Structure formats: C-alpha cells, structure tokens
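Asker: how would this look folded up:
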Amino acid sequence: MILRRLLLFVAVVCVAAGSATAQTAADTLTSSFTVDGIPVILRRNTSNNVVVANVYLLGGVRQVTQATSGIEPFLLTVSEHGTLHYPKAVLRRRTSALGSDFVVAPTVDWTMFGARTITTVLDSAWAIWADRLMYPAIQPAEVELVRAQLLSGEKQEQDDPDAYVSDLADSIAFMGHPYAVSETGNVTSLASITAQQLRDYERTQIVKSRMLVVVVGDVTRPHLEALIHATLGKLPEGSYKWTLPDPIPVTPSSAVLVQRDLPTNYILGYFAGPLASSPDYTALRVAATVLTGQMFAEIRGRQNLTYDVHAPFLEHAASAAGLYVTTVSPDTTLKLMKFFINQLQAETVTNEGLQRLELQFITQYFLDNETNASQADFLARAQLYQGDYRRAMSFVQDLKSVTPDAVQAAAIKYMKNAHWAYLGDTTKVDRRLLESF
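Answerer: Here you go, the predicted model:
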C-alpha cells in the first residue's frame, strides 16, 4: 500500500513536470480555495482513511522577540490542558477514544498545529482541534505545569551535544536576522511568559490572516468547507500579510568554541543561502548533496575520521547550507572539508554523476514525502515559499534543470563566510582554520 501511494505520487509529479499548464491539469487530486477569508489547500487521497489537517500560523520567529520567543508553541501546548468546551479530563478522554493525535511543530517560518485522525471520526476530532486553537482555557495552574515541562526540555537540550551545537550555530550564523531567535523559546523567555501574555497573544495573533490550512485525506471540498465555516471561519480577520523574510546577512567568518569534556568533538557551521524564491535555491541544495557524498566517501569511508559528516541544507524561506562533523581529529577533518569545498568551486561535476545523484535524490525525497502529513508540508512549502502549491509538482523538473555549471556557481557564490559552533576539546582545533572558510 505504501509503495502504491508513493508510485502514484511520483507518477503525478513526473507527468506534471513538463509545464505549468500540464502541472495544473495532471494534479487533479489537489485544489485550492478560500473559506471565510482562510486560504485552503485540499489534496484528496482516497487510498487510505487517514486524514491530516494542518493549520500553518504564519510568521514564525518574526512574530516574537527574544523575550517572547516560544510563546506560540507554549500557547498551543497549554491548550492540550483544556478549552472552553472541553475541560482537561474530557478533552483527553475524547481524544483517546477517537484515536486521534494533535501535533505542535514550531519552525522559524511558521508554527504548524495539526490533527491526525481518520475519516470516520473527522468531525469529532476537528471540533476538538479547532477548540484548542480558538478557545484555550489558559488556567494559571496548567500554564505553570506546561512551563515546567518546557523548561525541563530546554535544559535537557544542553545535555545533548547535537542539540546544543545546533543552538550555538543558529545563534552565531543568524545573528542580525530573525532566525537568530529560537522558535521553541529559551530558558529566560519560557520562565517569564505569563498566563495573561498567552491570553493576549491568543486574542491578537490567532487570526485568519495568519492562517494557511492544508488537508490531505479522503475529504470532499464541501465537507471541509463546512468544517472550516463552523469553526476557524469565525475567528477575527486580522491584518497579517505573509512575505518572505530578508536574506540571511553575509558577514565575515566567525566561530564560537565551547569547552566540553566529550568523547568526540561536534562541529557545525553555516553559509548564508538564497531565498526560497531564487533559482539558486535548488542549485545550492544539490551542491550541498554533492558535497555530502564527496566528504562522506573520504572522511568517513576512506579515512574513518568520523561516524557522521554531511553538508546540511536548511529548507527555510531564507536558506542556509552548512557543514557538520563529529570527530576526534578536528583540524585534519576540517582541512579535508575545506579541500572538497575548494574542489567543488574549482571543478564542475560530470553530467553522469549529477544525473545519478538526482535520481537518488528524487527517490529519497519522495520517500521522505510519502505520508499524508509530509505531503501537507510539501504543499505548504510550495505555496508559501514559491507562491503556488503547484510548484510542489515541478520539483522533479526543477531538480533536473540544475546543471553542473549551476552547482559550481552556487558553491562559489554561497559556500563562503561560514559561521561555526564547536563543542568539545577546544585545544584540538585551530580557530583560524574555522575562520578561513
């Protein structure tokens, strides 16, 4: 069943890859419309009875400051502890009986609040989901309980080297940009946000103009329109306008080094990339994938200097590419990473090699986007980043249009001025080497 759905999705994409007109005609399963001022994307999937409903609250970290970071996921988590129409015990009992799940997923560009349910109980699950968004109870005792949980999770992250080095890298790489603010909050903000601030935020920021609703499942348009009209459609309009953020500023290379007694050293750095609307976006994604393959083959495969090395690509509205490795030999490993960047900038990859990479990339990408939930995110990113959900269907064509020259050009243009976070034995690394990237 999974393979059949994947092949159907890939087939739709491949048929759609020719032109915008062909894309619109081929993707007959997906439609977009507006209900009471809320933009909606519906993908009708009749191959299973799973329904995914996501509301994307737009703005992400641009909605907050360091002092209020994390307030939106805080609010949505508190809503799990009771709403106007569903007291805490009732809400949990009903949710369990329905076999449904509700997801809070903050990102730098939006907070996704999602429902995962089945067709036979959609109406009941939707009622609870919408009530959590529209009428959270926000009782002081429950706020304090959630606060304690969030603070515990935030403090535990500092005990996880990967999570900690990621936070460090974000803070230095995105300095001067909204992305420097954590989407999940920080210890100071989570400790200080009050119940009244949560109420004020709910009243002023849970508005229709900040919403994109994406539903994937066996749901008809009239049914979905009725659900929205009876619930989310009653929210205030608001005056929010979605735009792409500014690009991440390009500044001279820098590094932050934190001494930590660990079995290995964790190193993560980022280069500022283009906006998602830029033709360079896909080219840099491919360049990062090429670099990952080259580094892994040498650093992991031949020299066994690490168990993990790769070049991450941050698929945000304002993108970034990076370098990550854990190693007991940081200087040797960094020199090899620098060598492969220089090689990518100086030489073009072969057409044959790029085509093989593209096929692997396409297979993995669609495996990653096979579930209803992943498809909903796929459609939302296309709508918000590129202005049209149908751009999701041109992914294969966009990827195949990337040439070896484009990969080289992206490496030259963007793989410079890296900002690094280093966690481990700081006596083993030369800061000047980090700052030479």
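Asker: Any idea how far stretch 88-107 is from the middle of the chain?
Answerer: 22 Å (C-alpha atoms, centre = their mean, to the nearest Å).
Asker: Pull out the buried positions in it.
Answerer: Buried positions in stretch 88-107, judged by neighbour count with 16 or more other C-beta atoms under 10 Å: 91, 94, 95, 98, 100, 102, 104, 105, 106, 107. Placement of C-beta: from N, CA and C, glycine included.
Asker: which residues sit in contact with residue 422?
Answerer: Contacts here follow C-beta atoms under 8 Å, 6 or more residues apart in numbering; on that basis residue 422 touches 165, 255, 256, 257, 258, 265, 266, 267, 330, 429, 434.
Asker: sec struct for the fourth one, please.
Answerer: Same thing as residue 257. strand (DSSP: H, G, I helix; E, B strand; the rest coil).
Asker: Now do the same for it: its pLDDT.
Answerer: At residue 257, the pLDDT value in this model is 98.
Asker: what's the burial count for it?
Answerer: Applying other C-beta atoms under 10 Å, we find 19 other residues in the vicinity of residue 257.
Asker: If it is in a bridge, with which residues?
Answerer: Beta bridges link residue 257 to residue 422, judged by DSSP bridges.
Asker: Residue 431 is in contact with that one, correct?
Answerer: Yes. If you go by C-beta atoms under 8 Å, residue 257 and residue 431 touch, sitting 6.6 Å apart.
Asker: what ranges do the strands span in the stretch 101-250 of the chain?
Answerer: For the stretch 101-250 of the chain, the strands defined by DSSP state E, counting those that start in this stretch cover 101-106, 110-118, 211-217.
Asker: rewinding a little: with respect to residue 132, which of the contacts of residue 422 is nearest?
Answerer: Using C-beta to C-beta, residue 165 comes nearest to residue 132 of these, at 33.8 Å.
Asker: The closest one: neighbour count?
Answerer: 24.
Asker: now swap in residue 259 and tell me
Answerer: When neighbours are defined as other C-beta under 10 Å, residue 259 has 11 of them.
Asker: roughly how far apart are it and residue 357?
Answerer: Distance of residue 259 to residue 357, given as C-beta to C-beta, to the nearest Å: 38 Å.
Asker: try residue 425
Answerer: Residue 425 is 35 Å from residue 357, by C-beta to C-beta.
Asker: ok, back up a step: out of the buried residues of stretch 88-107, name the two that are farthest from one another.
Answerer: Greatest spatial distance in those: 94 and 107, 28.4 Å, computed using C-beta to C-beta.
Asker: related to what we said a few turns ago, dump the strands of the stretch 101-250 of the chain into a markdown table; add distance to residue 50 as well.
Answerer: Shown next, in a markdown table, are those (distance: least, C-beta to C-beta, whole Å):
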| stretch | distance to residue 50 |
| --- | --- |
| strand 101-106 | 11 |
| strand 110-118 | 6 |
| strand 211-217 | 6 |
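Asker: Of those, flag the one that's most buried.
Answerer: Each of these was scored by mean neighbour count; the highest is strand 211-217, a mean of 25, by mean count of other C-beta atoms under 10 Å.
Asker: so how far is that strand from its chain's centroid?
Answerer: With C-alpha atoms, centre = their mean as the basis, strand 211-217 stands 16 Å off its chain's centre.
Asker: Can you pull out the residues in contact with that strand?
Answerer: 35, 38-45, 48-58, 110, 119, 122, 224, 228, 232, 235, 372-373, 375-377, 379-380, 383-384.
Asker: Closest one to residue 316 out of the contacts of residue 422, please.
Answerer: Nearest to residue 316 out of the contacts of residue 422 is residue 165 (C-beta to C-beta; 18.5 Å).
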